[in-house]
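Trainee: fold the following, please.
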Amino acid sequence: MARVPDTKSVLLVTGLSGAGKSTALNALEDLGWEVVDNLPLSLLNRLLGTPRGERDERDRPVAIGIDSRTRGFDANTIVRRIERLNDQEDYAVSTLFIDCAGTELERRYSETRRRHPLAEDRPASDGIARERELLAPLRRWAEHIIDTTNLTTNDLQADIRSRFARGDGPRTVLNIMSFGFARGMVRNADLVFDVRYLRNPHWDDALRKGTGQDPAVIAYIRDDPAYETSLSQIEALLETILPRYEQTGKSYTTVAFGCTGGRHRSVHVAERVAAHLREAGFSPTVSHRDLPGGPRKDLTAERAGSSHLTPPSDPL
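Mentor: Take a look at the predicted model:
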């Protein structure tokens, strides 16, 4: 069993209201951080003192969202508490401050028609100025400062990923699937490849009742002159673009291969491409929507000779 790290990584996420703190916390959660927002400061020591579990979650870093609305908020007190925590060997505490220009914050409040939490009965500019003053000690202390004045939501998420992504964090969940156009298009696929250009075993009486998992059917499909060239190009394309999906923070990616009935060509092609991607370092699962009794399996389990029952097919 792996040893529990000696230090617990803690990131305090704070900043001006409307600058993007919630977006930053959501991005951290997607990266595998344990996220707690607006925790009363009186409970901070209790949270950090919670015993670590025995499962893999024990090593997850913690992100704690605090701002001027947090109960018991006092910036100088928080700074002193951070200093005390950093003096302990159990914790490595850092601070992320989300900043933004006042004029941009005023525009955002105007467009969303929300009231600033510190200016319920006054112009938003008054609340922004007051909050900036309250948060000044935390901004001076922060190791990470992100100014979102000219950033989109996607820009901020990308910045969070570049700063705080963990090497062992969650990766994009990749599903390779087969389906038959005769039974309707697959839903929610990110990429769809039509492989009906390949030789169709359905027209061979000896192969019709087989599937794309049978050696004779596979040999028939592979004998198509366009088979190797086209599939090699598809595999090269996927090797290029799948990492880009992961870099943008996409949680799930589905690549679907369709033939007429979803039993022969698409089944074999899906399994071939998934095997190639695994060798290239990806971790795909394979599912066959229109293959009755077809196993849904992880390629690791497949190589070990195990299988899993197929879940019910998507309704048409």
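Trainee: quick one: the helices in this protein?
Mentor: Per DSSP state H, the chain carries helices over the ranges 21-30, 44-48, 75-87, 102-112, 124-141, 153-164, 215-222, 227-247, 265-279, 299-303.
Trainee: any idea which of the ones you listed gets closest to residue 69?
Mentor: helix 124-141 (9.4 Å; C-beta to C-beta). Backbone N, C-alpha and C define where each C-beta goes, glycine included.
Trainee: redo the helices of the chain as CSV? Include mean neighbour count.
Mentor: Formatted as CSV, the helices of the chain follow (neighbours: other C-beta atoms under 10 Å):
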stretch, mean neighbour count
helix 21-30, 20
helix 44-48, 14
helix 75-87, 15
helix 102-112, 15
helix 124-141, 17
helix 153-164, 17
helix 215-222, 17
helix 227-247, 15
helix 265-279, 23
helix 299-303, 14
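Trainee: need the contact list for the residue nearest to residue 60 when sequence neighbours are not counted.
Mentor: Once flanking residues are discounted, residue 60 sits nearest to residue 34: 4.7 Å by C-beta to C-beta, 6 or more residues apart in numbering. For residue 34, the contacting residues are 57, 60-63, by C-beta atoms under 8 Å, 6 or more residues apart in numbering.
Trainee: as TSV, these with neighbour count would be great.
Mentor: Listed next are these as TSV, based on neighbours: other C-beta under 10 Å:
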residue	neighbour count
57	10
60	18
61	21
62	19
63	24
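Trainee: filter these down to just the ones in strands.
Mentor: Under the assignment DSSP state E, these contribute 62-63 to strands.
Trainee: pLDDT-wise, what's the bottom of the contacts of residue 34?
Mentor: Lowest pLDDT among these: residue 57, with 50.
Trainee: quick one: which of the helices of the chain is nearest residue 182?
Mentor: For these, the distance to residue 182 is smallest for helix 265-279, at 11.2 Å, taking C-beta to C-beta.
Trainee: just checking, what packs against that closest one?
Mentor: For helix 265-279, the packing partners by 3 or more C-beta pairs under 8 Å, 6 or more residues apart in numbering; DSSP states H and E come out as strand 173-180, helix 215-222, helix 227-247, strand 252-259, strand 285-288, helix 299-303.
Trainee: for the third one, give me every contacting residue.
Mentor: Okay, so that is helix 227-247. For helix 227-247, contacts defined as C-beta under 8 Å, 6+ apart pick out 161, 171-172, 174, 190-191, 193, 197-198, 221-222, 253, 255, 269, 272-273, 276-277, 280, 282.
Trainee: please redo it, this time with the cut-off set to 10 Å
Mentor: By C-beta atoms under 10 Å, 6 or more residues apart in numbering, the surrounding residues in contact with helix 227-247 are 158, 161-162, 165, 171-172, 174, 176, 190-191, 193, 195, 197-199, 221-222, 224, 250-253, 255, 257, 265, 268-269, 272-273, 275-277, 279-282, 284.
Trainee: and that helix, how far out from the chain's middle?
Mentor: Helix 227-247 has its C-alpha centroid displaced from the chain centroid by 20 Å (C-alpha atoms, centre = their mean, to the nearest Å).
Trainee: okay, the angle between it and strand 252-259?
Mentor: 160 degrees (axes from the mean of the first three to the mean of the last three C-alpha atoms, to 10 degrees).
Trainee: so helix 227-247 versus strand 173-180, what angle?
Mentor: 140 degrees.
Trainee: ok so, going back, would JSON lines of the helices of the chain with distance to residue 205 be doable?
Mentor: Formatted as JSON lines, the helices of the chain follow (distance: least, C-beta to C-beta, whole Å):
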{"stretch": "helix 21-30", "distance to residue 205": "51"}
{"stretch": "helix 44-48", "distance to residue 205": "68"}
{"stretch": "helix 75-87", "distance to residue 205": "74"}
{"stretch": "helix 102-112", "distance to residue 205": "65"}
{"stretch": "helix 124-141", "distance to residue 205": "75"}
{"stretch": "helix 153-164", "distance to residue 205": "54"}
{"stretch": "helix 215-222", "distance to residue 205": "12"}
{"stretch": "helix 227-247", "distance to residue 205": "22"}
{"stretch": "helix 265-279", "distance to residue 205": "17"}
{"stretch": "helix 299-303", "distance to residue 205": "30"}
